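Trainee: pasting the sequence and the predicted coordinates here, then a few questions.
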Amino acid sequence: MAAGAPWFMALFGRDSLLASLMVLPTNPSLALGTLQTLASRQGMAVDPLTEEQPGRILHEVRLGVGAGLALGGKPAYYGTVDATPLFVTVLGEVSRWGVPAEELASLLPHADRALDWIRDYGDRDGDGFVEYQRLNDQGLINQGWKDSWDGINFADGRIAEPPIALCEVHGYVYTAYLARAWLAHEAGDLALGAELRDRAARLKEQSNERFWLPGRRYYAIALDKDKRPVDACASNMGHCLWSGIVDTDKARLVADRLMSAEMFSGWGVRTLATNMGA
């Protein structure tokens with residue numbers, strides 16, 4: 001699955017996984033092929049130029065005439081914070097759509113390496129959150145789906161400084177833990193399943209405590225380098241709603257905010273509310 005025409009006719013981590021997830025009901029083999037291809041290029045070493053790290057799922061691959069667009073100077077660039085947990089999430093979903101067990105079994109080691117990356121590299125300071133900060137001055141400044149240089153900002157328009165922990169990434173990590181717990185349960189490894197469900201529960205509690213803005217009744221888009229909530233009202237919290245990491249008592253408030261006059265345009269949900277400084 002390519003990310004999009006014309007400039008992104010290439011394998012991307014996040015885009016290819018999410019698009020594959022959307023077509024699972026009609027073609028699970030497409031998601032399986034995307035997972036297998038990404039697994040074959042999963043990070044093995046530490047390379048500051050391409051931002052490759054062991055267990056990390058790549059951001060993009062550029063081959064042939066598109067190679068000149070590659071970040072990091074090599075065909076594969078790894079500077080993304082969300083593709084790795086999404087890889088595990090999609091694998092868990094694929095397991096529910098009749099994919100042969102042997103195909104799933106071959107991908108489980110890659111899922112475990114992805115979870116190791118979350119722990120060893122994604123959580124840079126050991127506080128339970130996954131942060132990003134580019135490893136060189138050529139890579140992406142922002143490494144979530146809003147990856148323009150000025151994509152993460154406060155309500156008053158100030159740019160957030162990295163390392164940055166995005167709210168929706170923790171929704172993806174949450175679903176990754178639950179997906180791997182499901183796969184462990186199916187394989188009879190009840191201890192691992194219980195451990196991962198506990199990890200997911202702790203992350204959910206921690207995320208709702210740190211990202212929720214009680215006075216504004218929505219989730220901060222991120223935490224900045226000082227762990228301050230980046231208080232812009234943005235569509236990222238919709239991804240949290242999808243993932244299930246949102247507390248039940250906050251779900252209606254998030255839905256109402258997404259459908260508010262500042263966020264819903266009539267054509268769809270805006271990426272940033274109209275009353276934000278940026």
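Mentor: In hand now; what should we look at? What you are looking at is a predicted structure, and each value in this text was computed from that prediction instead of being measured.
Trainee: just checking, what packs against the helix or strand where residue 204 lies?
Mentor: Applying DSSP states H and E as the criterion places residue 204 in helix 190-211. Under the contact definition 3 or more Cβ pairs under 8 Å, 6 or more residues apart in numbering; DSSP states H and E, helix 190-211 sits against helix 167-186. Where C-beta positions appear, they are placed from N, C-alpha and C, glycine not excepted.
Trainee: for the helix it packs on, name the packing helices and strands.
Mentor: Using 3+ Cβ pairs under 8 Å, 6+ apart, helix 167-186 sits against helix 83-94, helix 101-117, helix 190-211, helix 236-243.
Trainee: looking at those helices, which is buried most?
Mentor: Ranked by mean neighbour count under mean count of other Cβ atoms under 10 Å, the helices and strands packed on helix 167-186 are led by helix 83-94, which reaches a mean of 26.
Trainee: for the helix holding residue 204, give me every contacting residue.
Mentor: 128-129, 167, 170-171, 173-174, 177-178, 180-182, 184-185, 219-220, 223, 227, 229, 240, 245-247, 250 (Cβ atoms under 8 Å, 6 or more residues apart in numbering).
Trainee: export that helix as PDB, just CAs?
Mentor: What follows is helix 190-211, C-alpha atoms only, in PDB (Å, rounded to 0.1, in the frame of the first residue of the first chain):
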ATOM      1  CA  LEU A 190      -1.600 -16.000  29.800                       C
ATOM      2  CA  ALA A 191       1.200 -14.500  31.900                       C
ATOM      3  CA  LEU A 192       2.400 -12.300  29.000                       C
ATOM      4  CA  GLY A 193      -1.200 -11.400  28.200                       C
ATOM      5  CA  ALA A 194      -1.900 -10.200  31.700                       C
ATOM      6  CA  GLU A 195       1.400  -8.300  31.900                       C
ATOM      7  CA  LEU A 196       0.600  -6.400  28.700                       C
ATOM      8  CA  ARG A 197      -3.000  -5.600  29.800                       C
ATOM      9  CA  ASP A 198      -1.600  -4.200  33.000                       C
ATOM     10  CA  ARG A 199       0.800  -2.100  31.000                       C
ATOM     11  CA  ALA A 200      -2.000  -0.800  28.900                       C
ATOM     12  CA  ALA A 201      -4.100   0.100  32.000                       C
ATOM     13  CA  ARG A 202      -1.200   2.000  33.500                       C
ATOM     14  CA  LEU A 203      -0.600   4.000  30.300                       C
ATOM     15  CA  LYS A 204      -4.300   4.800  30.000                       C
ATOM     16  CA  GLU A 205      -4.400   6.100  33.600                       C
ATOM     17  CA  GLN A 206      -1.200   8.100  33.100                       C
ATOM     18  CA  SER A 207      -2.300   9.600  29.800                       C
ATOM     19  CA  ASN A 208      -5.700  10.700  31.000                       C
ATOM     20  CA  GLU A 209      -4.000  12.300  34.000                       C
ATOM     21  CA  ARG A 210      -1.300  14.200  32.100                       C
ATOM     22  CA  PHE A 211      -3.000  15.100  28.700                       C
END
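Trainee: right, I'll leave it there.
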